[in-house]
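Asks: test case, fold it:
(2 chains)
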Amino acid sequence: GAGVSQSPSNKVTEKGKDVELRCDPISGHTALYWYRQSLGQGLEFLIYFQGNSAPDKSGLPSDRFSAERTGGSVSTLTIQRTQQEDSAVYLCASSPMGGNTEAFFGQGTRLTVV
Amino acid sequence: QQQVKQSPQSLIVQKGGISIINCAYENTAFDYFPWYQQFPGKGPALLIAIRPDVSEKKEGRFTISFNKSAKQFSLHIMDSQPGDSATYFCAASKQVSEGGKLIFGQGTELSVKP
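Replies: I've put the predicted structure just below:
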């Protein structure tokens, strides 16, 4: 596809369960970002991958959150032992080179923890 | 200080009117200031962006005004149309030093009445 693809589009999980959210960036984009958008809130930066460099994890809210990017392409955001406050839309974005280039967003995964 | 403050939270404008959304930032190291438009159920999409070496940028009906000394920037939508009804986010980033990770404002929900 031409755009950033995220799956699933919606996820309902029980409190305490682990979830994995997937992001397929635009082909050739070296930079990949995860953001979180909570109801009525702005977008909050979570983590940034650039090529083979160590990721910038400065936005991850707790050690229950982790992300990896395999082969410089697909990324998975994992939330362990989910809590109700984790309910949000998780957005992935990619850009050709990171700094100085436009970030393109996927449609997001809406996570609901019940 | 990483915060970007955006106002108003919501805005109602008549068709043909001018919509104005304002943002303020603290960190003078920011070097890229984009505006994103988000429709319900969609990811944000870049609308227009500016760098601090210019005071204004215009693309069609959309204009960014940038005041470096005041650390403020604003989005003006001329001849507002019902199709412009969406949530608008300002953002700021340090493109080179932090790879373009975006710090977002809280968003403005714009409604353009026919």
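Asks: where do the strands sit along chain B?
Replies: B:4-7, B:10-14, B:19-25, B:33-38, B:45-50, B:56-59, B:62-67, B:72-77, B:86-92, B:103-104, B:108-113 (DSSP state E).
Asks: pick the most buried one from the ones you listed.
Replies: Each of the strands of chain B was scored by mean neighbour count; the highest is strand B:86-92, a mean of 24, by mean count of other Cβ atoms under 10 Å in any protein chain shown. Placement of C-beta: from N, CA and C, glycine included.
Asks: now that strand: average pLDDT?
Replies: Mean per-residue pLDDT for strand B:86-92: 96.
Asks: which strands or helices does that strand pack on?
Replies: strand B:4-7, strand B:19-25, strand B:33-38, strand B:72-77, strand B:103-104, strand B:108-113 (3 or more Cβ pairs under 8 Å, 6 or more residues apart in numbering or on different chains; DSSP states H and E).
Asks: could you list the low-pLDDT ranges of the chain?
Replies: I'll assume chain A. A:1, A:40, A:98-100 (pLDDT under 70).
Asks: hmm, no, I was thinking of chain B.
Replies: In chain B, residues with pLDDT under 70: B:1-2.
Asks: what does it have sitting close to chain A?
Replies: Counting by Cβ under 8 Å from any Cβ of the partner chain, the residues of chain B close to chain A are B:6, B:32, B:34, B:36, B:41-46, B:49, B:89, B:91, B:93-107.
Asks: OK, contacts around the closest residue to chain A within chain B?
Replies: Closest to chain A within chain B is B:Gly43: 3.3 Å, counting by Cβ to the nearest Cβ. By Cβ atoms under 8 Å, 6 or more residues apart in numbering or on different chains, the contact set of B:Gly43 is A:Val4, A:Leu91, A:Ala93, A:Phe105, A:Gly106, A:Gln107, A:Gly108.
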